[in-house]
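**Student:** Structure here, sequence nowhere to be found:
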C-alpha cells in the first residue's frame, strides 16, 4: 500500500538495526522473526541464474512469442493490464497489455531498497551502517510496512533519487510524480522486468547486498504470497506485491505483483524468469480480481516453463510454449469473441 509521509525516525531505525544485529525481535506482534534471519544466499547460484546479462539491450518481443494462451488472456483485458516476462537465458523480454505505466504501490519498495543500498555502497558505508540500512528495508519487503517505507523514501532523497537512478541505468520508463508519495512511482511491467533482471544479474548491487535483498523477497509473509509469489509444489518464487484503491478521481484498484519464478525439482537447473503483472481496473471488481489475475499469470508461466523444459529434454527446439499456428488460432478466436 502507499501514502508516503516525510518524518525520518532515526532512533527507531537505529533500534531496529540493533535488534537485527543482536538476533532478537518482538516487533508489534507481527508474524516476523529476525531471530530466524532470512537466509543469505544468491538465487543467481541456487536457481541457476546465468550470471551477468546485457539486460538493458534485451530483445523485446510480444507475449505471443512466449505463450500464445497467456497472450490471448492478456489481450482480452489489455486496457487494464501490463504484463512482462524476462528470460535471462535468451536475454529476451516478452510483454503484453496496453495499460501503460501504472502506479506501483508497495512494489516501489523494491526500487527504494535498491537505491538505498546502492547509495550506501557508493559512500563507502561500513558493515554496521549497511546492516542498519538493511534493517530499515527488511520490514518494507517482508511484511510491507509503510512507516519504514516513509523513512527509506526520505533517506534516499525521494523523487530526485528515483530520477537520478533511472537516468543512470537507462530505465527511462520510471517516473515519481509525487514528492511525498512513493506509492505513485509509475512504470510499465516491462520497465519493472528490466529492473528485476538487472538486480538478479548483479548489475545494481554488490553480491552481498544483492543476496540480502533477494532473501528479503523470499521472506514475504504468507498472507502476501499471492500472484507471482504464490507457493506451488512444483515451483520456486519470491518477489514483492503492491496494491491500493485510488479514490482521487474514480474508484480504481491497482494490484501489482513482480518477482522471480523457477520450476522446482527435478528441474532445478531451469533458469528463473522475471514475471511482472500490473493491473488497473474499476473498484467494484475488488482487490480479489487483481490477485486472481496475477496468480493465473504466474501459473501459466510455471506450466509454460515445464513444457519448454520437456521439449528441451526431447531436443525439440522451441522458444515458446505454443507454436505460431496454435497462437494464431487462439488470437483469431479472441478477436471473434471481442
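**Tutor:** Thanks, I have it. Everything numeric in this text was worked out from a predicted model, so none of it was measured.

**Student:** could you say what helices and strands the longest helix seen in the chain packs with?
**Tutor:** The longest helix of the chain (DSSP state H) is helix 287-313. For helix 287-313, the packing partners by 3 or more CB pairs under 8 Å, 6 or more residues apart in numbering; DSSP states H and E come out as helix 68-76, strand 81-87, strand 235-246, strand 252-263, strand 273-282. For every residue, glycine as well, the C-beta is placed using N, CA and C.

**Student:** any chance of the ones you listed in TSV, with mean pLDDT, mean neighbour count and distance to residue 135 too?
**Tutor:** As requested, the helices and strands packed on helix 287-313 are arranged in TSV below (pLDDT from 0 to 100; neighbours: other CB atoms under 10 Å; distance: least, CB to CB, whole Å):
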stretch	mean pLDDT	mean neighbour count	distance to residue 135
helix 68-76	89	21	38
strand 81-87	96	27	30
strand 235-246	93	22	18
strand 252-263	94	26	22
strand 273-282	96	26	26
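
**Student:** Rebuild these as JSON lines, extending it with distance to residue 55.
**Tutor:** Converted to JSON lines, the helices and strands packed on helix 287-313 look like this (distance: least, CB to CB, whole Å):
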{"stretch": "helix 68-76", "distance to residue 55": "22"}
{"stretch": "strand 81-87", "distance to residue 55": "8"}
{"stretch": "strand 235-246", "distance to residue 55": "17"}
{"stretch": "strand 252-263", "distance to residue 55": "14"}
{"stretch": "strand 273-282", "distance to residue 55": "10"}
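
**Student:** Ok, which of those comes nearest residue 121?
**Tutor:** The closest approach between residue 121 and any of the helices and strands packed on helix 287-313, judged by CB to CB, belongs to strand 235-246 at 20.9 Å.

**Student:** What residues does residue 197 make contact with?
**Tutor:** Taking CB atoms under 8 Å, 6 or more residues apart in numbering as the criterion, residue 197 is in contact with 53, 55, 58, 86, 88, 93, 274.

**Student:** State whether it is indeed within a strand.
**Tutor:** No - residue assignment for residue 197, taken from DSSP: H, G, I helix; E, B strand; the rest coil, gives helix, which places it outside any strand.

**Student:** returning to what we had before: got a markdown table for the contacts of residue 197, with distance to residue 198 too?
**Tutor:** Below are these laid out as a markdown table (distance: CB to CB, whole Å):
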| residue | distance to residue 198 |
| --- | --- |
| 53 | 9 |
| 55 | 5 |
| 58 | 10 |
| 86 | 10 |
| 88 | 11 |
| 93 | 12 |
| 274 | 10 |
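
**Student:** Select from those the one having the most neighbours.
**Tutor:** With neighbours set by other CB atoms under 10 Å, the maximum within the contacts of residue 197 is found at residue 86, which has 30 neighbours.

**Student:** State the distance from the nearest residue to that residue once chain neighbours are set aside to residue 239.
**Tutor:** Closest residue to residue 86 apart from its sequence neighbours, by CB to CB, 6 or more residues apart in numbering: residue 274 at 3.9 Å. Distance from residue 274 to residue 239, counting by CB to CB, to the nearest Å: 9 Å.

**Student:** Also residue 298?
**Tutor:** Applying CB to CB, the value for residue 298 to residue 239 is 10 Å.

**Student:** Name the residues contacting each of the two.
**Tutor:** Counting by CB under 8 Å, 6+ apart, the common neighbours of residue 298 and residue 239 are 228, 229, 257, 275.

**Student:** how about CSV for those, with distance to residue 186 added?
**Tutor:** Rendered in CSV, the data for those read as follows (distance: CB to CB, whole Å):
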residue, distance to residue 186
228, 19
229, 22
257, 16
275, 19
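
**Student:** and of these, the nearest to residue 285?
**Tutor:** Using CB to CB as the measure, the one of the shared contacts of residue 298 and residue 239 that approaches residue 285 most closely is residue 257, at 16.0 Å.

**Student:** Spatially, which residue comes closest to that closest one, not counting chain neighbours?
**Tutor:** If you skip the residues right next to it in sequence, residue 257 has residue 227 as its closest partner in space, 2.9 Å away by CB to CB, 6+ apart.

**Student:** same check, this time on residue 149
**Tutor:** Leaving out its chain neighbours, the residue that sits closest to residue 149 by CB to CB, 6+ apart is residue 140, at 4.5 Å.

**Student:** Ok, residue 67 next?
**Tutor:** Nearest to residue 67 is residue 321, by CB to CB, 6+ apart, at 4.2 Å.

**Student:** Doesn't that neighbour lie inside a strand?
**Tutor:** No - Residue 321 sits outside any strand when classified using three-state DSSP, being coil.

**Student:** number of nearby residues for it?
**Tutor:** Residue neighbour count, defined by other CB under 10 Å, stands at 21 for residue 321.
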